[in-house]
Structure formats: structure tokens, C-alpha cells
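> no sequence on hand, only this structure:
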């Protein structure tokens, strides 16, 4: 039997600022997702700030990589 890992990441409470256009939201990571982040960090007992910093770094990388792969909006015919 395989041991399946289910890294669940959820978000909510999204708000977009009308002043500066920034988006603020809450992110929830499952224990499996936290375990995977701890493995990426490479040390035991990361603090909540360590987890948040690593998750933010991964989100930044995902946005950047997916945008430069083309992005759906940039490939729409006009």
C-alpha cells in the first residue's frame, strides 16, 4: 500500500486595496504541506514565520514562472 501525501493549501478572506491595488488574503496549509515545507527548509522545528516566508517564496516563484511561460491572457486572440 502506498503512503499518500496530501498537501492541501487553501486561501480565503481576500481583499483588494483600492488605494494601492494590492491583494491581501489568508492562506491555510495542511500538516502534510507544512511537512513538505519543513523538508524544503532543511531544518527541524521551523517557526511559523519560517513557514510563511517559504510559502511566500514559492508563491512568488510560481507566479513568475507561470507568467513567463506565456500566461493565458497574453495568448488570447484579439
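Here it is on my side, so go on. Because the structure is a prediction, the values reported are computed rather than measured.
> for the chain, where's the lowest mean pLDDT among helices and strands?
When each helix and strand of the chain is scored by mean pLDDT, DSSP states H and E, helix 48-68 comes last, with a mean of 91.
> which secondary structure elements does it sit against?
strand 23-29, helix 31-41 (3 or more C-beta pairs under 8 Å, 6 or more residues apart in numbering; DSSP states H and E). (C-beta placed from N, C-alpha, C; glycine too.)
> how about JSON lines for those, with distance to residue 16 and mean neighbour count added?
JSON lines is the format used below for these (distance: least, C-beta to C-beta, whole Å; neighbours: other C-beta atoms under 10 Å):
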{"stretch": "strand 23-29", "distance to residue 16": "5", "mean neighbour count": "11"}
{"stretch": "helix 31-41", "distance to residue 16": "25", "mean neighbour count": "14"}
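> make CSV out of the ones you listed and add distance to residue 6 and mean pLDDT.
Formatted as CSV, the helices and strands packed on helix 48-68 follow (distance: least, C-beta to C-beta, whole Å; pLDDT from 0 to 100):
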stretch, distance to residue 6, mean pLDDT
strand 23-29, 12, 96
helix 31-41, 5, 94
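> hang on, the earlier thing: tell me the buried residues in the least confident helix or strand of the chain?
51, 54-55 (16 or more other C-beta atoms under 10 Å).
> go through these and name the one nearest residue 11.
Nearest to residue 11 among the buried residues of helix 48-68 is residue 55, at 10.7 Å by C-beta to C-beta.
> list the residues that contact the closest one.
Applying C-beta atoms under 8 Å, 6 or more residues apart in numbering, we find residue 55 in contact with 27, 29, 37.
> looking at these, spot the one nearest residue 60.
Nearest member of the contacts of residue 55 to residue 60, counting by C-beta to C-beta, is residue 27, at 13.1 Å.
> surely that closest one and residue 10 touch.
Yes: the criterion here is C-beta atoms under 8 Å, and residue 27 meets it with residue 10 at 7.3 Å.
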